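*Asks:* Below is the structure, and that's it, no one-letter string:
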């Protein structure tokens, strides 16, 4: 019988698979393999030490750390005690960390590094319910802080003194017990804590396992943030449930190099990752000359023809089949070698994947299985079936999950994957959960095969290509408090970063220009004046200081006229129609992203 708790999944996989490479991490320029039995010993020791620190059933433990072996240790130790993990993005500011810690009522905090320790201590300075902070890396001793390694060693002694104590605690955990509170940005900008039970997440694990085949011989390279439910469910617990080895990348920048070293067979990524791989490969092909370039183009063309035939359920002609086989050996195999050469498939989630990018991966022999979900749905709602993929679609609902379209086109879902509600936020819970259905805030339609196509968002929440959520209205409101800005529109949905279109307050700007002696003949020239650009850049820099990196405004453009109701850019209540703005100012927006890409290169 499938385990219905997160700790149950782990305990079962240790006893069933006894994987000698359950976890892998790179230390001192080499990869260290950590057997399942050692990981279990570490989890047990840490859990007993945390209990001695005061973590009891139902208590919340904040976890502020990048991906690393210690992350799942903490999560498993906490949920194994029947306590609740509160993961925090390591890129958040101290003020944002403070909100999560205070709102969740966390009693213990675990951090990764000295830098994150400083951030956490700043966040909990003054009156705080935090009783202790644990740091994974060596750091200067501070009052109320504990070293991770010392804590584990203390736990080993407790384990010898209390044999079976951890197993007893783990057996007492139930499927309807709260496992985690994951904070997600709302349209108002104030984070909401989604309450996910063990049963929510484990139901998602087993449903997805019915769609995607995972083997105990597989190896997963983990690089997406574990604090996000996608990587935590798919890249950790689903992999554990099948006995898959999990290797933690050194960093996002090191993924390509780590893939060559680790040679994964499966990985989870967001569209931005696949877009970068696609762009890098295509750039390399365009840089080639003569016969090599011709071979590259022919090889991708032959692979794409095979991919399209697969999508359309058509058989290749004998000639096309021979060409596809030859192209695979001469071109695609060399591209696959850049990511280790063993990838069986990849999983994509967090934002829609462009069909052309999906076709490219199928063309080089790396199938990408695209799905859809939200934090509140643990996360998967829909998932493409291998061999029956539909580019542009996120597939049909996974087993046990229902999806339907509401009267206003909103995607609704019902099933064991849906959260319990938002922590200490009854109004938001009532708005999201109605008559047993969760309202996703996304607009879409189901085709005749039951596959879901996402077409729009009811909410203005921006979801970047990296899967990070940004609430634009609070930032727009801050920009409009400046005397220089009449209107502000932030964009970034499904794009690599946030950019801004600003409508200047021309009267104020012209007055400032005359006072400073700037030379210009007409307003359009003033908007391009270097000093005017500096003024607006300074304004944006001041706002960016308080923001997490993924929220920061990377580029901006100044518009020459006010937005208007007559032009269809504003609603009758004078709210900005973001999608209309995106269409009307598409050339300007594309230049902003081109400038950002050039600056990042």
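*Replies:* Right, received. Where do you want to start? As the structure is a prediction and not an experimental result, all values here were calculated from the model.

*Asks:* ok, and what's touching the longest helix seen in the chain?
*Replies:* Longest helix in the chain, counting residues (DSSP state H): helix 290-311. Contact partners of helix 290-311, identified using CB atoms under 8 Å, 6 or more residues apart in numbering, comprise 285-286, 288, 315-316, 320-321, 323-324, 326-328, 330-332, 359-360, 362-365, 387, 389-391. The C-beta positions use only the backbone N, C-alpha and C, and glycine is treated the same way.

*Asks:* Equivalent analysis for stretch 204-218, please.
*Replies:* Stretch 204-218 is contacted from outside by 2, 9, 17, 19, 233-234, 237-239, 241-245, 265-266, 344-345, 347, 369, 371, 377-380, 383, 385-386, 398-401, 417, using CB under 8 Å, 6+ apart.

*Asks:* Just the ones in strands from those residues, please.
*Replies:* The members of these that map onto strands under DSSP state E are 245, 266, 345, 347, 369, 371, 380, 383.

*Asks:* can you list the domains in the chain?
*Replies:* Per the record, the chain has its domains at 35-173, 471-600, by automatic domain parsing.

*Asks:* Just put those in a markdown table and tack on mean neighbour count.
*Replies:* A markdown table is the format used below for those (neighbours: other CB atoms under 10 Å):
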| stretch | mean neighbour count |
| --- | --- |
| domain 35-173 | 19 |
| domain 471-600 | 16 |
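
*Asks:* Tabulate the ones you listed (JSON lines), appending mean pLDDT.
*Replies:* Shown next, in JSON lines, are the domains of the chain (pLDDT from 0 to 100):
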{"stretch": "domain 35-173", "mean pLDDT": "95"}
{"stretch": "domain 471-600", "mean pLDDT": "88"}
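
*Asks:* any chance of those domains in CSV, plus distance to residue 193?
*Replies:* Formatted as CSV, the domains of the chain follow (distance: least, CB to CB, whole Å):
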stretch, distance to residue 193
domain 35-173, 6
domain 471-600, 15
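
*Asks:* Highest neighbour count among the ones in strands among the contacts of stretch 204-218?
*Replies:* Neighbour counts for the ones in strands among the contacts of stretch 204-218 peak at residue 380, which has 28 neighbours (criterion: other CB atoms under 10 Å).

*Asks:* Does it touch residue 398 like I think?
*Replies:* Yes. Contact criterion CB atoms under 8 Å: residue 380 and residue 398 qualify, at 5.7 Å.

*Asks:* hmm, who's touching the helix or strand hosting residue 541?
*Replies:* If you go by DSSP states H and E, residue 541 is part of helix 530-544. With CB under 8 Å, 6+ apart as the test, helix 530-544 has contacts from 475, 478-479, 482, 484-485, 500, 502, 504, 509, 512-513, 516, 518, 526, 552-553, 556, 558.

*Asks:* quick one: the residue nearest the centre of the chain from residue 175, how far?
*Replies:* For the chain, the residue sitting closest to the mean C-alpha position, by CA atoms, centre = their mean, is residue 467 at 4.3 Å. Per CB to CB, to the nearest Å, residue 467 is found 27 Å from residue 175.

*Asks:* again with residue 37
*Replies:* 26 Å.

*Asks:* Over to residue 596?
*Replies:* Distance, residue 596 to residue 175, using CB to CB: 45 Å.

*Asks:* for the longest helix of the chain, which positions count as buried?
*Replies:* Applying a neighbour-count criterion of 16 or more other CB atoms under 10 Å, one finds 296, 299, 300, 302, 303, 304, 305, 306, 307, 309, 310, 311 buried in helix 290-311.

*Asks:* Apart from its chain neighbours, what residue comes closest to the second one?
*Replies:* The reference is to residue 299. Nearest residue to residue 299, sequence neighbours excluded (CB to CB, 6 or more residues apart in numbering): residue 331, at 2.7 Å.

*Asks:* Report the contact partners of that neighbour.
*Replies:* Residue 331 makes contacts with 295, 296, 298, 299, 300, 303, 364, as judged by CB under 8 Å, 6+ apart.

*Asks:* And the helices in the stretch 401-550 of the chain?
*Replies:* Taking DSSP state H, counting those that start in this stretch as the test, the helices found in the stretch 401-550 of the chain are 426-432, 472-480, 506-516, 523-528, 530-544.

*Asks:* who's in contact with the first one?
*Replies:* When contacts are taken as CB under 8 Å, 6+ apart, the neighbours of helix 426-432 outside the stretch itself are 186, 192, 376, 421, 422, 438, 439.

*Asks:* The helices of the stretch 401-550 of the chain into JSON lines, with extra columns for distance to residue 54?
*Replies:* Below are these laid out as JSON lines (distance: least, CB to CB, whole Å):
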{"stretch": "helix 426-432", "distance to residue 54": "29"}
{"stretch": "helix 472-480", "distance to residue 54": "36"}
{"stretch": "helix 506-516", "distance to residue 54": "56"}
{"stretch": "helix 523-528", "distance to residue 54": "58"}
{"stretch": "helix 530-544", "distance to residue 54": "38"}
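
*Asks:* Among those helices, which comes closest to residue 276?
*Replies:* helix 530-544 (22.9 Å; CB to CB).

*Asks:* The closest one versus helix 506-516: what angle between them?
*Replies:* Calculated by axes from the mean of the first three to the mean of the last three CA atoms, to 10 degrees, helix 530-544 forms an angle of 120 degrees with helix 506-516.

*Asks:* what packs against the very next helix or strand once past helix 530-544?
*Replies:* Using DSSP H and E, the helix or strand that follows helix 530-544 in sequence is strand 553-558. Applying 3 or more CB pairs under 8 Å, 6 or more residues apart in numbering; DSSP states H and E, we find strand 553-558 packed against strand 498-504, helix 530-544, helix 586-600.

*Asks:* Can you give the distance from strand 553-558 to the centre of its chain?
*Replies:* 24 Å (CA atoms, centre = their mean, to the nearest Å).

*Asks:* I'd like the next helix or strand past it.
*Replies:* Sequence order places helix 578-584 as the next helix or strand after strand 553-558, per DSSP H and E.

*Asks:* List the contacts of that next one.
*Replies:* Residues outside helix 578-584 that contact it (CB under 8 Å, 6+ apart): 456, 460, 472, 489, 491, 501, 563, 567, 568, 569, 589.

*Asks:* for stretch 476-492, same thing?
*Replies:* Applying CB under 8 Å, 6+ apart, the contact partners of stretch 476-492 are 462, 464, 470, 472, 475, 498-506, 508-509, 512, 535-536, 539-540, 543, 553, 562-563, 576, 578, 581-582, 589.

*Asks:* again, but for stretch 270-285
*Replies:* In contact with stretch 270-285 (CB under 8 Å, 6+ apart) are residues 223-224, 230, 255, 293, 296-297, 300, 335, 338-339, 346, 348-354, 357-358, 360-361, 364, 368, 464-467, 494, 496.
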